[in-house]
Each structure stands twice: as C-alpha cells, then as structure tokens.
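J.: Model the following, please.
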Amino acid sequence: MRKQELYNKVIEYFQATMPVAETELHYSNPFELLIAVILSAQCTDKRVNMITPPLFRDFPTPESLAASTPEVIFEYIRSVSYPNNKAKHLVGMAQMLVKDFQSKVPDTLEQLIKLPGVGRKTANVIQSVVFNKATMAVDTHVFRVSHRIGLVPKTCTTPLATEKHLVKHIPEALIPTAHHWLILHGRYVCTARSPKCSECGLNGLCKESLKIKPGI
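T.: Prediction:
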C-alpha cells in the first residue's frame, strides 16, 4: 500500500469513529490551557485536571500568578510530576506574559517557546487548540502510534522528524484534529505496554498487525 493511501484510510477511519476529537485537559481560556499543558508534561491529563481547579480559581490571570512565588504554587501542584520545576516555570511564564506580551498568550512558535516551561510540543498544542493552526504536537502517544501504524518511517527517530513527516501527509485542515486522533488512539487503544489490537479498527492496515510472526 502506498504511503498516501495508508494515510487516507487511517484518516477515513478516525473521521468515522472519532468525529469529535479534542484535548481532555480542562480549561476555559488560553491562559488556563497553557498552565495545564505545562503541567501535563510527563503527567496524565487526569491528574492535571484534578489539581487545576483551585489553581485556576486562585490565580485567574497572568498578573495574579506572576505576583506569586514558586513555593506557593508548589503547594497547589505537588502531586504532579516534577512539581518544583513546574512551579518555577509557571511563575516565570506568567511574569513573561505580563512583561513582554501584554498578559496575552502569544500565537507563534517563536514567541511561545520563549516562555519558561514551553517547548516545541507545548507551543504546538497551544497553536493548534487555541488558534487552530496546522501544527502537530508529537508526544509519546503520537510518536508511538504513528510508528506502529506505519505513518512514519523508522528514520523518523525524533519528535521533530515525526512531526514534519505527519504534517507533510495530512491535509492541512485536518492537522489540528489529527493530533487528537493519534493521542486518544494511543491513550485508549494503541497503548504502550498492552495494545488492544483485537479491538482496533485499524487492524489490517497497521504495520504492526501485518507483521508475520516467526515460524509462520
């Protein structure tokens, strides 16, 4: 099967089975989403959603968060991974928003990655979810699923290489949604340790499912 044909079939499957695909992080504005995405690094969305309500309540604006300290923020986020670093990142991020961006979340990769705690993946999430830009954030789920299905070659050994390959083959208008398709598929079906291949509608298309077992 040719590469683009595989992409087309995978897209058709997700369009039919997952017509609505969006982030599972809870937020009500760009600032809250930025906080949630920073906190979600190497942490589950479920855990982040548990701890953000009081954080959002007590620090609803960049100004209020910027006026706090990492020590105070740590008490709100202590149950997430790397709480010390993330507390510093959140306060620093808010201070930079106030100082350099008129307290508004910027909409470009170049500006977003200047913020403490924001790398390319986080910046791409913000651009995609908030600003509906055709950016593909590659987390562990997207990286794993795209390789297993065969959407990207083995030579795509980094998130950036994987991102560029996916963006090249997915129609621009679908890229923001495709990001969530791959994440959710990896989170609930194509899991890291025990993928549910027998339940997967891509069984038969997926490169992993087509592998011939030794001795057969």
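J.: In the protein, which helix is the longest?
T.: Using DSSP state H to define each element, the chain has its longest helix at helix 83-100.
J.: Quick check: buried residues in that helix?
T.: 83, 86-98 (16 or more other CB atoms under 10 Å). (C-beta placed from N, C-alpha, C; glycine too.)
J.: can you check stretch 181-189 too?
T.: Buried, per 16+ other CB under 10 Å, within stretch 181-189: W181, L182, I183, L184, H185, G186, R187, V189.
J.: Format the residues you listed as a markdown table; extra columns: secondary structure.
T.: Converted to a markdown table, the buried residues of stretch 181-189 look like this (DSSP: H, G, I helix; E, B strand; the rest coil):
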| residue | secondary structure |
| --- | --- |
| W181 | helix |
| L182 | helix |
| I183 | helix |
| L184 | helix |
| H185 | helix |
| G186 | helix |
| R187 | helix |
| V189 | coil |
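J.: which residues of this protein fall in helices?
T.: So, for the chain - with DSSP H - the helices run 3-17, 30-39, 45-58, 62-66, 70-77, 83-100, 109-112, 120-129, 140-149, 159-169, 175-188.
J.: now these as TSV including distance to E199?
T.: Converted to TSV, those look like this (distance: least, CB to CB, whole Å):
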stretch	distance to E199
helix 3-17	12
helix 30-39	29
helix 45-58	21
helix 62-66	42
helix 70-77	35
helix 83-100	35
helix 109-112	36
helix 120-129	27
helix 140-149	15
helix 159-169	24
helix 175-188	10
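J.: show me what contacts Q111?
T.: Residues in contact with Q111 (CB atoms under 8 Å, 6 or more residues apart in numbering) are F101.
J.: same thing but 6 Å
T.: Q111 sits next to no residue when contact means CB atoms under 6 Å, 6 or more residues apart in numbering.
J.: ok, it to F59 distance?
T.: 22 Å (CB to CB, to the nearest Å).
J.: same deal with F74?
T.: Taken as CB to CB, the span from F74 to F59 is 13 Å.
J.: same question, V129
T.: Taking CB to CB, one finds V129 at 21 Å from F59.
J.: need the contact list for the residue lying closest to L90 once chain neighbours are set aside.
T.: Nearest in space to L90, with sequence neighbours left out and distances taken as CB to CB, 6 or more residues apart in numbering, is I73 at 5.5 Å. Going by CB under 6 Å, 6+ apart, I73 touches A87, L90, V91.
J.: pLDDT value on I73, please?
T.: pLDDT recorded at I73 is 98.
J.: And for R2?
T.: 87.
J.: How about K207?
T.: 82.
J.: Verify the contact between it and G150 for me.
T.: Yes. The pair K207 and G150 passes the contact test of CB atoms under 6 Å, sitting 3.2 Å apart.
J.: can you list the weak-confidence ranges in this structure?
T.: Residues of the chain meeting the criterion pLDDT under 70: 209-216.
J.: Please repeat the previous calculation with a cut-off of 80.
T.: Residue ranges of the chain with pLDDT under 80: 1, 208-216.
J.: looking at the helices of the chain, which is closest to C197?
T.: helix 140-149 (9.6 Å; CB to CB).
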